[in-house]
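Peer 1: What shape does this take:
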Amino acid sequence: MTFKLPELPYAYDALAPYMSKETLEFHHDKHHKAYVDKGNELLAGTGLEGKSLEEIVQASFKDKDKQALFNNAGQHWNHIHFWNWMKPNGGGTKLPGTLEKAINDSFGGFDKFKADFTAGGVGQFGSGWVWLVKDGEGKLSVAKTPNGESPLAHGKQAILGCDVWEHSYYIDYRNARPKYLEAFIDNLINWEYVAQMYDGAVAKAA
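Peer 2: The predicted structure is shown next:
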């Protein structure tokens, strides 16, 4: 396969004021495009060209000689979903039923999920991501990873992720990562897409 930069599922200014047009232009058109372009360059001649993106991410993560490919393929996978994990007028506590039940069962309520997810994102030292992960029994938990790593690289199911690299928030929030995470949860999350990934993970485990 060849990596391809996806179009954003909304206008560049659609997430304002919580994520600005300038941030999306830099993040999508510069950073994500660079992962795609470099990933395609590094993929050539590896023998992984015919694999799916998920397979490329997992195979390159396990091969120290393909670390550079993993960095770019991993970030490509992360960002494909990151754009879809957000929507205009998103966030808040109104979740699709199956997802709401899973969060309540796993965390004891939405407020505890929000606290744990925020703490995970704030506590990720340097660049990285914070995730909501489903395990084999259907339980949800928060995880964090450095740089371009993801639960996928470790064979796990991520159903939500938030990019906490500085380029995700510095234009809008400067160094206030907690405010960015609060805005992400309260105003940006596309819960329908999260529920879609959760239901897909449940079906896959069945």
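Peer 1: List phi and psi for the residue nearest the centre of the chain.
Peer 2: Per C-alpha atoms, centre = their mean, the C-alpha nearest to the average position across the chain is that of Gly161, at 3.3 Å. When read as degrees, to the nearest 10, the backbone of Gly161 gives phi -150, psi 150.
Peer 1: Can you tell me the SS state at the nearest residue to it once chain neighbours are set aside?
Peer 2: Residue nearest to Gly161 in three dimensions, not counting chain neighbours: Trp131, with 4.8 Å by C-beta to C-beta, 6 or more residues apart in numbering. For glycine as for every other residue, the C-beta is placed from the backbone atoms N, C-alpha and C. Look at Trp131: counting by DSSP: H, G, I helix; E, B strand; the rest coil, its state is strand.
Peer 1: The lowest-mean-pLDDT helix or strand in the chain: how far from the chain's middle?
Peer 2: Least confident helix or strand of the chain, by mean pLDDT, DSSP states H and E, is helix 191-205 with a mean of 94. Put simply, helix 191-205 sits 14 Å off its chain's centre (C-alpha atoms, centre = their mean, to the nearest Å).
Peer 1: what are the ranges of the strands in this protein?
Peer 2: Applying DSSP state E to the chain gives strands spanning 128-134, 140-146, 157-163.
Peer 1: closest one to Lys112 among those strands?
Peer 2: strand 140-146 (10.0 Å; C-beta to C-beta).
Peer 1: buried set for that closest one?
Peer 2: Burial within strand 140-146, assessed by neighbour count using 16 or more other C-beta atoms under 10 Å, is assigned to 140-145.
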